[in-house]
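> what's the 3D shape of this:
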Amino acid sequence: MSSVSLTPKETAKALISSAEYKAAMTVWKRLLMSVMAGIYIGLGAQGFILAYDSIFIRAAVFPVGLMLIILVGGELFTGNCLMTFALLQKKIRASSYVSVLLQVLAGNFLGGAIIAGLLYMGGVYNNPVMAARIIEIADAKLSLPFVQVVSKGILCNILVSSAVWFSVTSRDTTGKILGSWFPVMLFVLCGYEHVVANMFYLPMASFLDSSINIANMTVKNLIPAALGNYIGGGLIIPLIYHKVYFKD
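Residues are numbered from 1 along each chain as shown. This next block holds a predicted model:
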């Protein structure tokens, strides 16, 4: 075993142990950790908006949200999709697996909405340029066909779950920061769909444009984005690597 990092199989085992811990967590603790994760992703997404004129800088800033979750603590739906490893190894029950993912998703939404509300009440979006920018982002997301959102969600969480994998692989803070930065930067640079980030962008835009409401943001974006994210990080990555590392 390396003193610097885990091997891929050791990392998969560490993810299984983490999933067991997540499944045993109390509902209130899970909710608090999920809300904090939504807050951190919302803060990273706000940085993305501020740096919007530079495609690379906005991609470079956004991963701060995942760094905060990894180093400070938080329960993020896209990362928790990797709990599939523990389900496949029969270390957690299917009911616990589904319950955890749904609770975390709800907490993430609450966290994103809290950041949106604080920014709105703080007058940040009184700036007409900022207001136009967030509405433009929301309109673009809500205009995508269902299949496109799902497809971009799959691509997104192949990268985000890989970033979580990288952070678990590394044994030191620098490695965790770099490991979480590169894949997330790439997904933002490419314009993929992350359901938790969208749980900030869309509520933020809804404060400024009454045509954007909980019903259309849920049906047109959040559901297909969550589905795609789950397929990418909850099926493709764990099913393939479970077969590679745990089956003869």
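> Gly232 versus the residue sitting nearest the centre point of the chain, what's the distance?
Centroid-nearest residue in the chain: Thr78, 4.3 Å away (criterion: Cα atoms, centre = their mean). Separation of Thr78 from Gly232 (Cβ to Cβ, to the nearest Å) stands at 8 Å. Just so you know, the C-beta spots here come from the backbone N, C-alpha and C atoms, and that holds for glycine as well.
> joint contacts of these two?
Cys156, Asn157, Val160, Ser161 (Cβ atoms under 8 Å, 6 or more residues apart in numbering).
> wait, what's in contact with the residue nearest to the centre of the chain?
Thr78 touches Cys156, Asn157, Val160, Ser161, Val164, His194, Val195, Val196, Asn229, Gly233, counting by Cβ under 8 Å, 6+ apart.
> show me which of those residues are buried.
Cys156, Asn157, Val160, Ser161, Val164, His194, Val195, Val196, Asn229, Gly233 (16 or more other Cβ atoms under 10 Å).
> can you put those in JSON lines and add secondary structure and pLDDT?
Listed next are the buried ones among the contacts of Thr78 as JSON lines, based on DSSP: H, G, I helix; E, B strand; the rest coil; pLDDT from 0 to 100:
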{"residue": "Cys156", "secondary structure": "helix", "pLDDT": "98"}
{"residue": "Asn157", "secondary structure": "helix", "pLDDT": "98"}
{"residue": "Val160", "secondary structure": "helix", "pLDDT": "98"}
{"residue": "Ser161", "secondary structure": "helix", "pLDDT": "97"}
{"residue": "Val164", "secondary structure": "helix", "pLDDT": "97"}
{"residue": "His194", "secondary structure": "coil", "pLDDT": "98"}
{"residue": "Val195", "secondary structure": "helix", "pLDDT": "98"}
{"residue": "Val196", "secondary structure": "helix", "pLDDT": "98"}
{"residue": "Asn229", "secondary structure": "helix", "pLDDT": "98"}
{"residue": "Gly233", "secondary structure": "helix", "pLDDT": "98"}
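> which one of these is nearest to Leu178?
Nearest to Leu178 among these is Val164, at 13.5 Å by Cβ to Cβ.
> which helix or which strand is home to the residue lying closest to that closest one once chain neighbours are set aside?
Spatially, and ignoring its direct neighbours in sequence, Val164 is nearest to Gly79 (4.1 Å; Cβ to Cβ, 6 or more residues apart in numbering). Per DSSP states H and E: Gly79 is located in helix 77-80.
> buried stuff in that helix?
Phe77, Thr78, Gly79, Asn80.
> surely the last one meets Gln103?
No - look at Asn80 against Gln103 with Cβ atoms under 8 Å: they stay out of range, at 9.7 Å.
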